[in-house]
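J.: Please find the sequence and the predicted model below.
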Amino acid sequence: MKIKLLGKSTFLLLLLVLIHLTVIAQNEVRTRILFILDCSQSMSGRWEKDKKIDIARRFLSMTVDSLGAYDNVEMALRVYGHQSVVPPQDCNDTRLEVPFSPGNAYRIKRKMLSLSPKGTTPIANSLAASANDFTEYNNCRNVIILITDGIEACDGDPCAVSLELQKKGIILKPFIIGIGLAPEFEDAFNCLGSVYNANTEERFEEVLDIVITHALTETSLQVNLIDGFGFPSETDIPLSFYNLKTGRLKYNFIHTMNQRGLPDTLKIDPLPDYSIKVHTMPPVILDSLQLAPGKHNIVAIDVPQGTLQINQERGNQYKDLQFIVRQSNKVNTLCRQKMNEKKKYITGKYDIEIPTIPLTLLRNVEIKPGELTNISLPQPGIITILVDNPGICELFLEKDGDMEWIYTIDTKSKAIPLVMLPGRYRVIYRALYAKATHFTIEKSFRIESGRSSSLRIF
């Protein structure tokens, strides 16, 4: 009896797959793999030492045997091109031969033995029909592995169908294993999913192992948020991961430092490509992230931040005040921040609007990396406006010999307290019942920090 020894690389690959599959078996997430097998007329042609269909089902049978031993992996088999002979062309020649169920490896192997290539290649219709193959199931990953020797032969658009299935969250990015595809045919599948072309029988076995490993292995990611000095020190920031191709939100995390003071490791599905939105002020977006499956990935994102705080010199009259922060020369509100609160912003210049009386506008306030930008407002004063009757009452700031309107005083009540910044002001009032202009009353007054006063208008 001859014993065939495994090569070192093959042994390591098998060991890696077994370790990763053990991890999967212990994980609550279920992986469902739908094999879509090409059984069109061209698959009866010879390739290397045997027919294409025989090579495909031999290696696929071994794969199904291995996967059948794990509780958290389910399989199904869809076949196209095996029911109707060409000509004529039957573009509906696709059928789910073995649905998803536990322990169905034997059924899949037995069905593959009975297949006979005879028809056309309706890839788009097969993908579209697969939407019903994945019955509703919570906490699972749906993977398609398409094995084919040719491109779409009907009028369908496999890429559009694949994208729609991914957008709806039915499947992850498909795998396509080409059997001796010409380069121009290989390019036609790039928009559909991850393409692996096998140009030899040995390469087909290797590619099938790679695809299964990629579909099942656990992948980790470390996100380094880089501060203004080049160190990965920024943390405690929400991160959102989006499927780059479909735009669907996939994960939300709060960035965390672990017990060793390093960015914590995330468990990420390696099949989609991602964009990452770091919810700083303003957000920072990483446009594209492609993970290496089965490995520890590290990505660095520049988020240099400084801190802004606005407080009152003395007293607490503004303790409940909120101010608006905008990026310089932009109209959209970035944040509403509380007085005395410290909040981080991406380094740069900002415009700040504080709803004091009069309104305080601060332009081009610079936030520097790792620094606290602290702005103090002078302590306001309080004046109580006293009126006998409701009327039109406007408040102005006296400045450089001119008057600048700042506030409309509501005279529904007879005593109106106003918290105001120090300065000189003028109030102009006329009772509503008055029918002549000369009944207008105007009075000037001064506000001093920390002082309270009253002003009678009648």
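T.: Yes, it's here.
J.: Helix or strand: which one has Val79?
T.: strand 73-80 (DSSP states H and E).
J.: and that strand, how far from the chain's centre?
T.: 30 Å (CA atoms, centre = their mean, to the nearest Å).
J.: any idea how far the closest residue to Gln305 other than its chain neighbours lies from Asp264?
T.: Nearest-residue entry for Gln305: Lys344, 4.4 Å, with adjacent residues in sequence omitted and distances by CB to CB, 6 or more residues apart in numbering. Where you see a C-beta, it was placed from the backbone N, CA and C, and this is true even at glycine. Distance, Lys344 to Asp264, by CB to CB, to the nearest Å: 19 Å.
J.: any weak-confidence spans in the chain?
T.: Scanning the chain with the threshold set as pLDDT under 70 gives 1-28.
J.: let's go with 50 and repeat that
T.: 1-27 (pLDDT under 50).
J.: Can you give me the domain assignment for it?
T.: Following automatic domain parsing, one finds the domains of the chain at 25-216, 219-302, 305-377, 381-457.
J.: Who's the closest spatial neighbour of Leu377, skipping the chain neighbours?
T.: Gln312 (5.3 Å).
J.: let me fix that: Lys414
T.: Val387 (5.8 Å).
J.: My understanding was that that neighbour contacts Tyr429; is that so?
T.: Yes. Under the criterion of CB atoms under 8 Å, Val387 is in contact with Tyr429, at a separation of 6.9 Å.
J.: Which residues are in contact with each of those two?
T.: 393, 411, 457 (CB atoms under 8 Å, 6 or more residues apart in numbering).
J.: and the last one, what does it touch?
T.: When contacts are counted by CB under 8 Å, 6+ apart, Ile457 touches 385-387, 393, 427, 429, 441, 443.
J.: Buried only: go through those for me.
T.: Among these, those classed as buried by 16 or more other CB atoms under 10 Å are 385, 387, 393, 427, 429, 441.
J.: how much space between the second one and Leu34?
T.: The gap separating Val387 from Leu34 is 78 Å, by CB to CB.
J.: List the residues that contact the nearest residue to Tyr137 once chain neighbours are set aside.
T.: Excluding the flanking residues, the one nearest Tyr137 by CB to CB, 6+ apart is Arg30, at 6.7 Å. Going by CB under 8 Å, 6+ apart, Arg30 touches 72-74, 137, 139-141.
J.: Now distance to Thr373 too, for these, in a markdown table please.
T.: Conversion of the contacts of Arg30 to a markdown table gives the following (distance: CB to CB, whole Å):
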| residue | distance to Thr373 |
| --- | --- |
| Asn72 | 52 |
| Val73 | 54 |
| Glu74 | 56 |
| Tyr137 | 51 |
| Asn139 | 46 |
| Cys140 | 49 |
| Arg141 | 46 |
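J.: in the host helix or strand of Trp405, what's buried?
T.: Following DSSP H and E, one finds Trp405 within strand 402-408. Going by neighbour count (16+ other CB under 10 Å), the buried part of strand 402-408 is 403, 406-407.
J.: do stretch 404-421 as well
T.: Neighbour-count burial for stretch 404-421 [16+ other CB under 10 Å]: 406-407, 409, 411, 416, 418-421.
J.: And those, which two are furthest apart?
T.: Thr411 and Leu421 (21.8 Å; CB to CB).
J.: check contacts around Gln327.
T.: 282, 334, 348-351.
J.: Of these, which is the most crowded?
T.: Most neighbours among the contacts of Gln327, by other CB atoms under 10 Å: Tyr350, with 23 neighbours.
J.: Quick check on that residue: phi, psi?
T.: Main-chain dihedrals, Tyr350, degrees, to the nearest 10: phi -140, psi 150.
J.: Check the one 4 residues further on too.
T.: Backbone torsions for Ile354, taken as degrees, to the nearest 10, come to phi -110, psi 120.
J.: Count the neighbours of it for me.
T.: By other CB under 10 Å, neighbour count at Ile354 equals 20.
J.: and it, how far is that from Thr213?
T.: 58 Å.
J.: same question, Glu398
T.: 77 Å.
J.: Using CSV, write out every CA atom in stretch 174-191.
T.: Taking Å, rounded to 0.1, in the frame of the first residue of the first chain, the C-alpha atoms of stretch 174-191 are listed here in CSV:
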residue,chain,number,x,y,z
PRO,A,174,-20.9,36.3,-4.6
PHE,A,175,-17.9,34.2,-5.5
ILE,A,176,-17.4,33.2,-9.1
ILE,A,177,-15.2,30.2,-10.0
GLY,A,178,-14.4,30.1,-13.7
ILE,A,179,-13.4,26.9,-15.3
GLY,A,180,-10.8,27.9,-18.0
LEU,A,181,-12.5,31.2,-18.7
ALA,A,182,-10.9,33.4,-21.4
PRO,A,183,-9.5,36.7,-20.1
GLU,A,184,-12.3,38.7,-21.7
PHE,A,185,-14.9,36.4,-20.1
GLU,A,186,-13.2,36.8,-16.7
ASP,A,187,-13.5,40.6,-17.0
ALA,A,188,-17.3,40.2,-17.6
PHE,A,189,-17.7,38.8,-14.0
ASN,A,190,-15.8,41.5,-12.1
CYS,A,191,-18.9,43.5,-11.5
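J.: Other residues contacting that stretch?
T.: So stretch 174-191 is contacted by 38, 43, 47, 52, 55-56, 127, 143-152, 158-159, 162-163, 192-199, 204, 207-208, 211, 214-215 (CB under 8 Å, 6+ apart).
J.: same check, this time on stretch 72-79
T.: With CB under 8 Å, 6+ apart as the criterion, stretch 72-79 contacts 21, 24-25, 27-37, 39, 64, 67-68, 94-102, 104-105, 108, 111-112, 115, 126, 129-130, 133, 216.
J.: Next one: the residue of the chain positioned farthest from its centre relative to Met112, how far apart?
T.: Residue farthest from the centre of the chain, counting by CA atoms, centre = their mean, is His438 at 64.9 Å. Between His438 and Met112 the computed distance is 102 Å (CB to CB).
J.: and if you look at Arg260?
T.: 50 Å.
J.: neighbour count winner among the two?
T.: The neighbour count for Arg260 versus Met112, taken as other CB under 10 Å, is higher for Met112 (23 against 6).
J.: Am I right that the more buried one falls within a strand?
T.: No. Assigned with DSSP: H, G, I helix; E, B strand; the rest coil, Met112 falls outside any strand and is helix.
J.: Look up which residues are beta-bridged to the residue nearest to Tyr137.
T.: Cys140 (DSSP bridges).
J.: in the stretch 51-200 of the chain, which spans are strands?
T.: 73-80, 94-101, 140-148, 175-179, 194-198 (DSSP state E, counting those that start in this stretch).
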